[in-house]
Structure formats: C-alpha cells, structure tokens
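Asks: Show me the folded form of this:
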Amino acid sequence: LSLSNRSLKAGEFKFSVIVPAYATEPEYLRLMILSVLRQTYGNLELIIADGTENNMVENVVKEFDDKRIIYRHLEENKGISENTNAAIAYATGKYLTFLDHDDFLERDALMETAAAISRGARIVYTDEDKFDGDKNRYFCPNRKTDFNKDMFLSNNYICHLFTVSKGIADKVGGFRKEFDGAQDYDFILRCIEVAGEDKVCHVPKVLYHWRTHSKSTASNPASKKYAYESGRRVLEDYLNRNKLAGSVANTGHLGFY
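Replies: Next up, the predicted model:
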C-alpha cells in the first residue's frame with residue numbers, strides 16, 4: 001500500500017461502517033467507536049442501529065462529538081439480521097463494512113480495504129485475531145487463504161473484516177432473518193455469487209480484533225450452537241438455488257460442514 005496515492009489520502013469514496021448494537025457493555029462500545037473514528041482513511045460514517053430497550057448504548061454514543069456517527073434507536077429489537085438491515089437503510093457510502101458491536105479495528109483497516117478496492121475489488125476481507133480484554137491479550141491470529149470456494153462451502157472462514165459495495169448488498173437484498181446465527185455466512189455467499197469470484201480480494205493482514213467473553217462464539221463456540229445449524233441450512237439453500245444435487249452435514253468440528 002502506497003500512502004502517496006492521492007485518491008486514497010483524499011478518501012475518494014465513503015465507507016459506511018455498519019454496527020447493529022444490543023445492550024453493549026460501555027467499555028466495549030467506546031473502544032469500538034474509537035477504533036472507527038481513528039481510522040487513517042477518514043471518509044466514513046459509523047451507523048449504529050440500537051435495539052436495546054433502554055438508553056445504555058445511546059448514553060455512550062452521546063459522549064462522542066463527531067458528525068460521522070449516525071445513531072438510530074430502533075423501536076424494537078428484531079434480531080441481528082433485521083437490525084443490520086435497519087442500519088444499512090441509513091447508509092450513504094459506496095461501500096459497506098460490517099463490525100460487531102463489541103469488536104474493534106486496526107487503524108489502517110479501511111485504508112487497506114480502500115487500496116484493494118482501488119485495484120478492482122468489490123468484496124474485500126482481511127485476517128483477524130481474538131482479544132481477551134481481561135488479560136489485554138491478542139491471540140489466535142486467523143491467517144486466511146485467498147478466496148477458495150471449496151473451502152468457503154465448508155466453513156465461513158471469511159467472517160471478519162468483510163466489506164462489499166452497497167450496490168451488491170442492495171442487489172442481494174441484505175440479510176435474511178431466517179438464517180440468524182449464520183446470517184453473515186448467507187449474506188457473504190450471496191454477495192460473492194453476484195460480484196463474481198474474480199472481484200473478491202483478501203488482505204493478508206490482521207485488521208480486525210474479535211473480542212472474547214463468556215457469551216461470545218469467539219471464546220466459547222458451544223454458546224451459540226444454533227448458529228451452526230443455521231450454517232448448515234445456509235449451504236442447503238445454496239445448493240437448492242443453484243440446482244445442485246447434494247446434502248449438507250455437520251462435522252465433529254463446530255462450524256465445519
């Protein structure tokens with residue numbers, strides 16, 4: 001990446017960072033917000049769609065005086081997919097980047113993504129690792145392969161950080177609530193079908209930090225076993241819409257099919 005590239009330094013296009021929030025711990029939320037606002041690529045907006053019944057998320061957001069933050073308190077919590085779609089509805093950027101409410105980014109995450117887009121990508125994903133806030137420890141780096149369709153049809157190894165053009169996201173119709181738990185797997189798969197595999201770019205750098213805690217799948221995969229059943233149904237749906245004969249089964253390793 002050459003930071004002398006004038007179009008990147010000027011922020012040629014806008015990123016809409018999409019965050020569905022629900023009862024987020026204030027400490028986690030602050031770090032997430034700061035990680036977005038401190039990006040070296042500044043042409044962005046942070047859209048937070050909050051399904052929390054009270055004002056705990058809103059009160060933290062109010063601590064930040066930055067016009068790039070778009071906060072919307074949803075009338076009701078409709079689940080991860082519909083809350084994400086609600087955030088997308090407010091997006092004005094050319095590209096959508098998806099960030100979980102308790103995770104955070106490296107400072108150059110959007111700059112590296114923009115560089116890949118400038119080379120022709122329409123879908124970009126990066127490497128990631130895990131973060132233990134109690135021990136202030138980064139661990140388990142996920143060094144991913146470049147796009148491998150066979151592998152992706154066995155496991156959602158793309159996961160975080162994922163960016164796609166808004167045009168493609170609109171064309172596939174956003175997230176589908178019937179696949180909650182594996183909604184990102186379903187969404188990414190459909191986006192790749194529309195964009196074409198040659199428009200998918202992998203940035204081989206750890207630019208996303210996945211927070212671990214007792215309720216997260218990052219530290220405890222068994223905490224959301226329903227997500228793995230949803231993943232199996234995502235692949236069944238892929239076979240059906242592409243008129244491919246086959247069956248999908250879970251393996252002994254959660255999240256692999």
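Asks: Flag the shaky bits of the stretch 151-257 of the chain, pLDDT-wise.
Replies: By pLDDT under 70, the weakly predicted segments of the stretch 151-257 of the chain are 213-223.
Asks: and the gap between Glu193 and Ile33?
Replies: 33 Å (CB to CB, to the nearest Å). Quick note: C-beta positions are derived from backbone N, CA and C, even for glycine.
Asks: What of Tyr157?
Replies: Here the criterion is CB to CB. By it, Tyr157 lies 28 Å from Ile33.
Asks: the more surrounded of those two?
Replies: Counted by other CB atoms under 10 Å, Tyr157 and Ile33 do not tie: Ile33 has more neighbours, with 23 against 15.
Asks: mind listing what the more buried one touches?
Replies: Contact analysis of Ile33 by CB atoms under 8 Å, 6 or more residues apart in numbering lists Leu46, Val60, Val61, Phe64, Ile69.
Asks: what's the farthest-apart pair in the residues you listed?
Replies: Within the contacts of Ile33, Leu46 and Val60 form the most distant pair, 12.7 Å apart (CB to CB).
Asks: Which of those two has more residues huddled nearby?
Replies: Each of Leu46 and Val60 has its neighbours counted (other CB under 10 Å); Leu46 has more, 25 against 21.
Asks: Just give me how far the helix or strand harbouring that one sits from the chain centre.
Replies: If you go by DSSP states H and E, Leu46 is part of strand 44-50. How far strand 44-50 lies from its chain's middle: 13 Å, per CA atoms, centre = their mean, to the nearest Å.
Asks: For it, list the C-alpha coordinates in PDB.
Replies: Backbone C-alpha positions of strand 44-50 (Å, rounded to 0.1, in the frame of the first residue of the first chain) are rendered in PDB as follows:
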ATOM      1  CA  LEU A  44     -16.600   7.200   6.600                       C
ATOM      2  CA  GLU A  45     -19.700   7.100   8.600                       C
ATOM      3  CA  LEU A  46     -20.400   4.900  11.600                       C
ATOM      4  CA  ILE A  47     -24.100   3.700  11.600                       C
ATOM      5  CA  ILE A  48     -25.200   2.200  14.900                       C
ATOM      6  CA  ALA A  49     -28.700   0.700  14.900                       C
ATOM      7  CA  ASP A  50     -29.600   0.100  18.500                       C
END
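Asks: now what about that strand, what contacts it?
Replies: Counting by CB under 8 Å, 6+ apart, 11, 14-22, 33, 36-37, 57-58, 61, 68-74, 83-84, 86-88, 90-93, 101, 110 sit against strand 44-50.
Asks: Tell me the buried residues within those residues.
Replies: In the contacts of strand 44-50, burial by neighbour count holds for 11, 14-22, 33, 36, 57, 61, 68-74, 83-84, 86-88, 91, 93, 101, 110, counting by 16 or more other CB atoms under 10 Å.
Asks: follow-up on the earlier one: output the contacts of Ile33 in JSON lines; the columns should cover secondary structure and distance to Lys243.
Replies: Shown next, in JSON lines, are the contacts of Ile33 (DSSP: H, G, I helix; E, B strand; the rest coil; distance: CB to CB, whole Å):
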{"residue": "Leu46", "secondary structure": "strand", "distance to Lys243": "40"}
{"residue": "Val60", "secondary structure": "helix", "distance to Lys243": "48"}
{"residue": "Val61", "secondary structure": "helix", "distance to Lys243": "46"}
{"residue": "Phe64", "secondary structure": "coil", "distance to Lys243": "49"}
{"residue": "Ile69", "secondary structure": "strand", "distance to Lys243": "44"}
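Asks: who does the residue nearest in space to the middle of the chain bridge with?
Replies: The geometric centre of the chain, computed from its C-alpha atoms, lies nearest to Phe98 (CA atoms, centre = their mean), at 3.0 Å. Listed by DSSP bridges, the beta-bridge partners for Phe98 are Ile18, Phe162.
Asks: What residues sit buried inside stretch 122-140?
Replies: Going by neighbour count (16+ other CB under 10 Å), the buried part of stretch 122-140 is Arg122, Ile123, Val124, Tyr125, Thr126, Asp127, Glu128, Asp129, Lys130, Phe131.
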